[in-house]
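In: I'd like to go over a predicted model; first the sequence, then the structure.
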There are 2 protein chains.
Amino acid sequence: MRDRPFRRSPFAIDVGIFTIRNGQLEVLLCKTSDAREKWILPWDQPRPQEPIETTAQRIVRDAVGTSAPWIELAGAFGEGNRHPADAEISVAFAAVLPGTSPPPKDPQLVWHKVADLPAMTPKKRSVLEAALTAVRFRLEHSPIAFRLLPPLFTLSELQKVYEVLLGKRLHKASFRRSLHAAEIVEATDEWRGEGRGRPAQLFRFAPPKKRRAGRGIRFDALIA
Amino acid sequence: MRDRPFRRSPFAIDVGIFTIRNGQLEVLLCKTSDAREKWILPWDQPRPQEPIETTAQRIVRDAVGTSAPWIELAGAFGEGNRHPADAEISVAFAAVLPGTSPPPKDPQLVWHKVADLPAMTPKKRSVLEAALTAVRFRLEHSPIAFRLLPPLFTLSELQKVYEVLLGKRLHKASFRRSLHAAEIVEATDEWRGEGRGRPAQLFRFAPPKKRRAGRGIRFDALIA
DNA sequence: GACATTGGTCACATTTTGTGACTAATTCAA
DNA sequence: TTGAATTAGTCACAAAATGTGACCAATGTC
């Protein structure tokens, strides 16, 4: 995010950066210098010739020091000149980071629980909603959940990520059965003991080679 | 689509307009004045203060006289000044029309079978691919298939739409069972005889009131 | 050692889906 | 007029996927 863009540009890139910490979904917001304590999403403008995905990743890097293991287009908005740089159009991206990522580099950047957001303008808020919707929506088609975890993780941790994103409890046996059937995780020979309870085996994400042909139509997934 | 934009604007809206005619998926393309006979998607630039969804619908109306019953954001592209109006960013929408829609108003606009596309620049082509992907991808969450049909349709027609979009045959009994279970169609007391064979009952789309809570995770829908 | 806690698996009931075969209503040709 | 061809619509059963409770295993705590 820059205070003085080196080139005036009529569009802006906003990025909703999400992570899970302490079992809660959080988003990285930026405090404005505005007296009314409004918060906005990290943003910037594309440099000349810069692809917008590159801009989005640059915004993430500027905010937390590393690029996001998952990032995707979430929406586009005509803004009516309300954006900080008077952008007429803003393009929103959604990104996720592992919960183990380093803290923000700028004190104006603060992680906020998605369940307890601070004051934002309705417009900013709706951009955030779009990013959040994109994350939840792509959950079953993109390996988002795995990107919210470090390379090695336990199956309980993975299940917890799904539970947080879906907002509902899952049954352990069902969850693991689907996981193994899809051959989407690979067991390592490492185990982790986390204080009390039996130690858990560590797994890594195994990108699927070939997708099985999907089954019939699911009309019950239709909205409106 | 305008030849001389009344306001220079650095971004453009492209719309992939799809329909199904004669059992084939088709897209509406515009012939450029270029000697090399390249084809592009219908496009325009937003007017001052105009929301981009409005621009997209205006492009559809200008092309075929009616607005699209379904239209949705499909992608955003940094273009590196290759767009006809030197746009740096183009926002792509995907739209569908019933196969019964009137023919294009401009002779430069021609329906092309998606399975047999004419010469396009790689960039334009990838925008079209993005629009097509958006249609296929949203198929199970948006009532797209119903928007490709007139208000009253037979179940065989609906099945055919799904088969064309999915690129595979479906089993009649399964298809209808899912359809009725989701209460997504409503029988009318009209019937239509189409030459030979038993007449078919006409149905209308019944927007679902309440979604059933989805079942477990489908890891086999994950890509890459 | 008993117990609480977390990980991991199993078996079985229930639900959903795949599939072929069947009946119904119409047109067309002999 | 009859029967083959064609398209619509339904049924029943097999196969597969999912929901669910119970169980055993390994660790820390008291």
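Out: Now that the structure is in, tell me what you want to look at.

In: and the strands in chain A, which stretches?
Out: A:11-21, A:24-31, A:39-40, A:43-44, A:70-78, A:89-96, A:109-113, A:185-192, A:200-205 (DSSP state E).

In: neighbours of the spatially closest residue to A:Ala206 that is not a sequence neighbour, just the number please.
Out: Closest residue in space to A:Ala206, ignoring its immediate chain neighbours: A:Glu186 at 4.1 Å, by C-beta to C-beta, 6 or more residues apart in numbering or on different chains. For glycine as for every other residue, the C-beta is placed from the backbone atoms N, C-alpha and C. Per other C-beta atoms under 10 Å in any protein chain shown, the neighbour tally for A:Glu186 reads 10.

In: still on that earlier bit, give me whichever of the strands of chain A is most buried.
Out: strand A:89-96 (a mean of 27; mean count of other C-beta atoms under 10 Å in any protein chain shown).

In: that one near chain B anywhere?
Out: Yes: Strand A:89-96 reaches chain B (C-beta under 8 Å from any C-beta of the partner chain) through A:89, A:91.

In: sorry, back to before: in contact with the residue nearest to A:Ala206, which residues?
Out: A:203-206 (C-beta atoms under 8 Å, 6 or more residues apart in numbering or on different chains).

In: if it is in a bridge, with which residues?
Out: Under DSSP bridges, the beta-bridge partners of A:Glu186 are A:Arg204.

In: and the longest helix that chain A contains with strand A:11-21, angle?
Out: In terms of residue count, the longest helix belonging to chain A (DSSP state H) is helix A:122-138. In terms of direction (axes from the mean of the first three to the mean of the last three C-alpha atoms, to 10 degrees), helix A:122-138 departs from strand A:11-21 by 60 degrees.

In: what helices and strands are in contact with helix A:122-138?
Out: For helix A:122-138, the packing partners by 3 or more C-beta pairs under 8 Å, 6 or more residues apart in numbering or on different chains; DSSP states H and E come out as strand A:11-21, strand A:24-31, strand A:70-78, strand A:89-96, helix A:155-166.

In: so can I have CSV of those showing distance to DNA strand C?
Out: Shown next, in CSV, are the helices and strands packed on helix A:122-138 (distance: least, C-beta to the nearest atom of the strand, whole Å):
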stretch, distance to DNA strand C
strand A:11-21, 15
strand A:24-31, 17
strand A:70-78, 24
strand A:89-96, 22
helix A:155-166, 3
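
In: which among the ones you listed is found nearest to A:Lys124?
Out: With C-beta to C-beta as the measure, strand A:11-21 is the member of those nearest A:Lys124 (8.1 Å).

In: using TSV, lay out the helices and strands packed on helix A:122-138 together with mean pLDDT.
Out: Formatted as TSV, the helices and strands packed on helix A:122-138 follow (pLDDT from 0 to 100):
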stretch	mean pLDDT
strand A:11-21	95
strand A:24-31	96
strand A:70-78	95
strand A:89-96	95
helix A:155-166	97
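
In: residue nearest the middle of chain A, spatially speaking?
Out: Closest residue to the average C-alpha location of chain A: A:Val96 at 2.9 Å, with C-alpha atoms, centre = their mean.

In: list the beta-bridge partners for that residue.
Out: Beta-bridge partners of A:Val96, counted by DSSP bridges, are A:Phe18, A:Trp70.

In: picking up where we left off before, from the chain's centroid, how far away is the longest helix of chain A?
Out: Put simply, helix A:122-138 sits 10 Å off its chain's centre (C-alpha atoms, centre = their mean, to the nearest Å).

In: and for stretch A:159-169?
Out: Centre-to-centre, stretch A:159-169 and its host chain are 14 Å apart (C-alpha atoms, centre = their mean).

In: is it positioned near chain B?
Out: Yes: contact of stretch A:159-169 with chain B (C-beta under 8 Å from any C-beta) involves A:162, A:168.

In: do that stretch and DNA strand D meet at all?
Out: No: Stretch A:159-169 is not in contact with DNA strand D by C-beta under 7 Å from any atom of the strand; minimum separation 9.0 Å.

In: restricting to C-alpha, output that stretch in CSV.
Out: Only the C-alpha atoms of stretch A:159-169 are listed here, as CSV (Å, rounded to 0.1, in the frame of the first residue of the first chain):
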residue,chain,number,x,y,z
GLN,A,159,-10.9,-30.7,10.0
LYS,A,160,-10.8,-27.7,12.3
VAL,A,161,-10.1,-25.4,9.3
TYR,A,162,-13.1,-26.8,7.4
GLU,A,163,-15.3,-26.4,10.4
VAL,A,164,-14.3,-22.8,10.8
LEU,A,165,-14.8,-22.0,7.2
LEU,A,166,-18.1,-23.9,6.9
GLY,A,167,-19.3,-22.8,10.3
LYS,A,168,-20.4,-26.2,11.3
ARG,A,169,-19.2,-29.3,13.0
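
In: identify all contacting residues around it.
Out: Outside stretch A:159-169, the residues touching it (C-beta under 8 Å, 6+ apart) are A:20, A:23-25, A:135-136, A:139, A:144-145, A:148-149, A:170, A:172, A:175, B:213, B:217.

In: rerun that using 10 Å as the cut-off
Out: A:18, A:20, A:23-25, A:96, A:99, A:114-115, A:132, A:135-136, A:139-140, A:144-149, A:153-154, A:170-172, A:175-176, A:179, B:213-214, B:216-217 (C-beta atoms under 10 Å, 6 or more residues apart in numbering or on different chains).

In: quick check: A:Glu157 touching A:Leu149?
Out: Yes: judged on C-beta atoms under 10 Å, A:Glu157 makes contact with A:Leu149 at a distance of 6.0 Å.

In: shared neighbours, these two?
Out: Common neighbours of A:Glu157 and A:Leu149 (C-beta under 10 Å, 6+ apart) are A:20, A:99, A:203.

In: how about the longest helix of chain A: buried residues?
Out: Of all the residues in helix A:122-138, those buried under the rule 16 or more other C-beta atoms under 10 Å in any protein chain shown are A:124, A:127-132, A:134-135, A:137-138.

In: how much space between A:Glu140 and A:Gly23?
Out: 21 Å (C-beta to C-beta, to the nearest Å).

In: the two - which one has more neighbours?
Out: Between A:Glu140 and A:Gly23, A:Glu140 has the larger neighbour count (other C-beta under 10 Å), namely 19 against 10.
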